[in-house]
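>>> Sequence and predicted structure are below.
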Amino acid sequence: MADRSTRRRAVATVCLSGTLEDKLVAAAGAGFDGIEVFEPDLVASPWSPAELAARCADLGLAIDLYQPFRDLDSTDPATVARNRRRARAKFDVMAALGVDTVLVCSAVAPDAVTDDDELAAQLHAAAELAGERGLRIAYEALAWGTHVSTWDHSWDLVRAADHPALGLCLDSFHVLSRGGDPAGFTAVPGDKLFFLQLADAPQLSMDVLQWSRHHRLFPGQGAFDLPAFLGSVLAAGYAGPLSLEVFNDVFRQSDPARTAVDAMRSLLALEAALPVDPLVLPPAPALTGHAFTELAVDGSSGPVVADVLGRLGFAHTGQHRSKPVQLWEQGSARVLLNAGAARPADGEAAVVALAVESVDPTGSAARAEALLAPVLPRTRGNAEAELSAVAAPDGTQVFFARTGPDGWPADFLPTGETSAGAGLTRTDHVGLTQPFDAYDEAGLFYDSVLGLDAGSGSEVAAPFGLVRSRGVTTPDRGVRLALSVSLLRRGGGWAPGVPDPQHVAFATDDAVGTARALRAAGAPLLAVPANYHDDLDARLDLDPALLADLREHGLLYDADADGAFLHLYTEVLGGRVFFEVVQRLAGYDGYGAVNSPVRMAAHRRARQETRAAAPSTRSR
Ligand SMILES: O=C(O)c1ccc(O)c(O)c1
Ligand SMILES: [Mg+2]
């Protein structure tokens, strides 16, 4: 059995966007040992098979599989003869490529053989043809095959065909989408397991072909138990490469270099989660809370955000020793306003960094590096505390911090300013809209690199399109991020809502009292329509006193099996950022996602009013 040091990693060219050249460069760049050549990629390429082989050799990539060979078997003798000719032609291509294994998938055509003896005989004949050339056939049951659609059936046929050049290709999607049991793999001799393809997928109720062709994901991004699956394949004695085969509409059009890194990260994390002989990675040190959230501001957005922080009960407690950065604090909630950072756009404020408390920042950075997260260079001035940082998929900098006398606060000189506060105690979560093609990557990033748990998430119909969101959290919920994404092109091009909104949510133990204090301080709170509270009353029959408080203070409400959630929002400050105040009652674990359409509609309205009041405001 291959152990962790000799296991090889491969990726199918179909996983990646671009031409064959783009795909090879991306696969090599991410550290893959080999590739599966997906036939249509070769057919569209100007390279001869020999030139492709040479290019792979240059890049240090092996060609581990040629695929797919479709509809090998047939009940029509003329088709059988044509398929022998087709097979010979493909074996020539394989010889020129220097690849010894071809994937034959179970037939989907109406003329597919349905008699198992006849099918075994046709597989035997094809294996004979391959064997003469020193090649092997890995037979894969497509989950939608006409006659063969389960891995156990494909194994019955491979066993019956009984040819040394014929073995199995196990594909986790086909096995797990059909509810197959990987425990059965141990019945297969290891040397009959010719190839292994790994893919995850979300649990969806839909046609299995559509599910496979559009929604596959890299391991760890979906709902399948891939550590158990891979563990079973390895326990059965499989010694070939671990190869990813993911058909996904988004990855098909995303930067292949990034997708390849995402793919490699998924494999490393999967191997580290194996039940036996796991890959040893630096552990993810415990993260114990949000240290601070950093907003980039400029001369116009900075004063606006600072003014609102003041009305929210924050005090400007510190000034950075060497940079134009202000520290604002209330309880253990901390916000940095950085007027020296590169900004996304004039007049905008933007969340550019979030810092999490790590029990071992250096260890957190080592874990991140082992999982191919871009570690960011830090320029250190005199007396500046070391802060390790990595870039998240959306570009947000993630700092691993220690908040203490010898940690990052030492970079700030006290201003002496204080505030009575408004009851905000800590940062509850940071909400980040993800770029369209970074959402699944981000979930895996926070899960594997930071050791957060990704929730299952939800989808809501919002005014400017469907929005998907999920929380990623530490086990004790000390760190929470709320990631969201538009399902299709970001909505609202015809009438912009808030583009790619970001928010920072602060916790209070008394939402009503805090709301009262914020209103008295003139904080720009978002108005919630009466219809919303009427609907709450109709649906939930809340205590009239609570309902009256919610109405009076523009508070939103949600409940789950464990508890309840009271929250309110500020208006958008400087283009895309807003603040939220939340109170979690009992064990409420969500983010009030059901209320987000109401919030978005209200933000749109506030945005229109602001624009009407100040026609010179940059329009977008
Ligand atoms: O969708 C397909 O046709 C297809 C082709 C080859 C594979 O290995 C596979 O798993 C699916
Ligand atoms: Mg497959």
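That came in fine, so what should we check first? Ligands and ions are numbered 1, 2, ... in the order given.

>>> Past the helix or strand where Asp558 lies, which element shows up next along the chain?
Assigned by DSSP states H and E, Asp558 belongs to strand 556-559. On the C-terminal side of strand 556-559, the closest following helix or strand by DSSP H and E is strand 564-569.

>>> Partner strands of that next one and their direction?
The strands that strand 564-569 pairs with in its sheet are strand 556-559 (antiparallel), strand 577-585 (antiparallel) (by DSSP bridges).

>>> so which of those gets nearest ligand 2?
strand 556-559 (41.3 Å; Cβ to the ion). Using the backbone N, CA and C atoms, a C-beta is placed for each residue, glycine as well.

>>> Give the burial count for the one residue in the stretch 51-200 of the chain that gets nearest to ligand 2, as a bare number.
Nearest residue of the stretch 51-200 of the chain to ligand 2 (Cβ to the ion) works out as Asp171 at 3.6 Å. Using other Cβ atoms under 10 Å, Asp171 has 26 neighbouring residues.

>>> Look up the closest residue to it, ignoring the ones flanking it.
Sequence neighbours aside, Gln197 is the residue nearest to Asp171 in space, at 4.1 Å (criterion: Cβ to Cβ, 6 or more residues apart in numbering).

>>> Can you report how many residues lie near the one you found?
25.

>>> Next: Gly167.
Gly167 has 24 neighbours, counted by other Cβ under 10 Å.

>>> Give me the helices and strands touching the strand or helix carrying it, please.
In this assignment (DSSP H and E), Gly167 forms part of strand 166-171. Under the contact definition 3 or more Cβ pairs under 8 Å, 6 or more residues apart in numbering; DSSP states H and E, strand 166-171 sits against helix 116-132, strand 136-140, helix 151-161, strand 193-198.

>>> For Glu21, which of those is the nearest?
strand 193-198 (23.2 Å; Cβ to Cβ).

>>> can you tell me if the closest one touches ligand 2.
Yes. Interface with ligand 2: strand 193-198 contributes Gln197 (Cβ under 5 Å from the ion).

>>> List the strands paired with the strand holding Gly167, with their directions.
Strand 166-171 sits in its sheet next to strand 136-140 (parallel), strand 193-198 (parallel), going by DSSP bridges.

>>> how does this protein divide up, domain by domain?
9-272, 287-611 (automatic domain parsing).

>>> how about JSON lines for those, with mean pLDDT added?
What follows is the domains of the chain, written out as JSON lines (pLDDT from 0 to 100):
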{"stretch": "domain 9-272", "mean pLDDT": "98"}
{"stretch": "domain 287-611", "mean pLDDT": "93"}
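
>>> The residue nearest to Asp171 against Leu242, yeah?
No. Applying Cβ atoms under 8 Å, one finds Gln197 not in contact with Leu242, separated by 9.2 Å.

>>> follow-up on the earlier one: so how far is the strand holding Asp558 off the chain centroid?
27 Å (Cα atoms, centre = their mean, to the nearest Å).

>>> For the residue in the stretch 401-550 of the chain that ligand 1 sits nearest to, give me its contacts.
Proximity of the stretch 401-550 of the chain to ligand 1 (Cβ to the nearest ligand atom) peaks at Asp440, 19.0 Å away. By Cβ atoms under 8 Å, 6 or more residues apart in numbering, Asp440 lies in contact with 217-218, 221, 250, 262.

>>> and it, what element?
Assigned by DSSP H and E, Asp440 falls within helix 439-448.

>>> immediately after that helix, which helix or strand?
According to DSSP H and E, the helix or strand after helix 439-448 is strand 453-454.

>>> In this structure, which residue is most central in space?
A centroid search over the chain (Cα atoms, centre = their mean) returns Asp440, at 2.2 Å, as the residue closest to the centre.

>>> For Leu16, see how far away that residue is.
Taking Cβ to Cβ, to the nearest Å as the measure, Asp440 falls 15 Å from Leu16.

>>> before we move on, what about Leu371?
Distance, Leu371 to Leu16, by Cβ to Cβ: 19 Å.

>>> How about Leu376?
As for Leu376, its distance to Leu16 is 26 Å (criterion: Cβ to Cβ).

>>> Compare neighbour counts for those two and give me the winner.
Neighbour comparison, Leu376 and Leu16: the larger count goes to Leu16, with 31 against 16 (by other Cβ under 10 Å).

>>> burial count for the residue of the chain found nearest ligand 1?
Relative to ligand 1, the nearest point of the chain is Pro68 (3.9 Å; Cβ to the nearest ligand atom). Pro68: 19 surrounding residues under other Cβ under 10 Å.

>>> ditto for the one 10 residues further on
Other residues near Ala78 number 8, with proximity taken as other Cβ under 10 Å.

>>> same check, this time on Ala44
If we define neighbours as other Cβ under 10 Å, then Ala44 has 9 of them.

>>> And for Asp225?
13.

>>> Excluding covalently adjacent residues, which one is nearest to it?
Leu176 (7.7 Å).

>>> Gly575 now?
Spatial nearest neighbour of Gly575, excluding adjacent residues (Cβ to Cβ, 6+ apart): Glu348 at 3.9 Å.

>>> wait, isn't that neighbour in contact with Leu573?
No. Using Cβ under 8 Å, Glu348 makes no contact with Leu573, being 9.5 Å away.

>>> shared neighbours of these two, which are they?
With Cβ under 8 Å, 6+ apart, Glu348 and Leu573 have common neighbours Ser301.

>>> Ala57 belongs to a helix?
Yes. Looking at Ala57 with DSSP: H, G, I helix; E, B strand; the rest coil, it is inside a helix.

>>> The strand or helix carrying Glu36 to strand 193-198, inter-axis angle?
If you go by DSSP H and E, Glu36 is part of strand 34-38. Strand 34-38 and strand 193-198 are oriented at 90 degrees to each other (axes from the mean of the first three to the mean of the last three Cα atoms, to 10 degrees).

>>> residues from the stretch 51-200 of the chain in reach of ligand 2?
With the criterion set to Cβ under 5 Å from the ion, the stretch 51-200 of the chain comes near ligand 2 through 171, 197.

>>> One more: the chain?
So the chain meets ligand 2 at 171, 197, 245 (Cβ under 5 Å from the ion).

>>> quick one, what contacts the first one?
To tie it back to what came earlier, the one meant is Asp171. Residues near Asp171 by Cβ under 8 Å, 6+ apart: 140, 196-197, 199, 245.

>>> residues contacting the closest residue to Ala461 other than its chain neighbours?
Spatial nearest neighbour of Ala461, chain neighbours left out: Pro597 (6.7 Å); criterion: Cβ to Cβ, 6+ apart. Shown in contact with Pro597 (Cβ under 8 Å, 6+ apart): 460-463.

>>> can I get the CA coordinates of the helix or strand harbouring Val352 in CSV?
Using DSSP H and E, the element containing Val352 is strand 350-358. Provided in CSV are the C-alpha atoms of strand 350-358 (Å, rounded to 0.1, in the frame of the first residue of the first chain):
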residue,chain,number,x,y,z
ALA,A,350,-14.1,48.5,2.9
VAL,A,351,-13.3,45.6,5.3
VAL,A,352,-9.7,44.7,4.2
ALA,A,353,-8.6,42.6,7.2
LEU,A,354,-9.9,40.6,10.0
ALA,A,355,-7.8,39.5,12.9
VAL,A,356,-8.5,36.4,14.9
GLU,A,357,-7.0,35.6,18.3
SER,A,358,-4.8,32.5,18.0
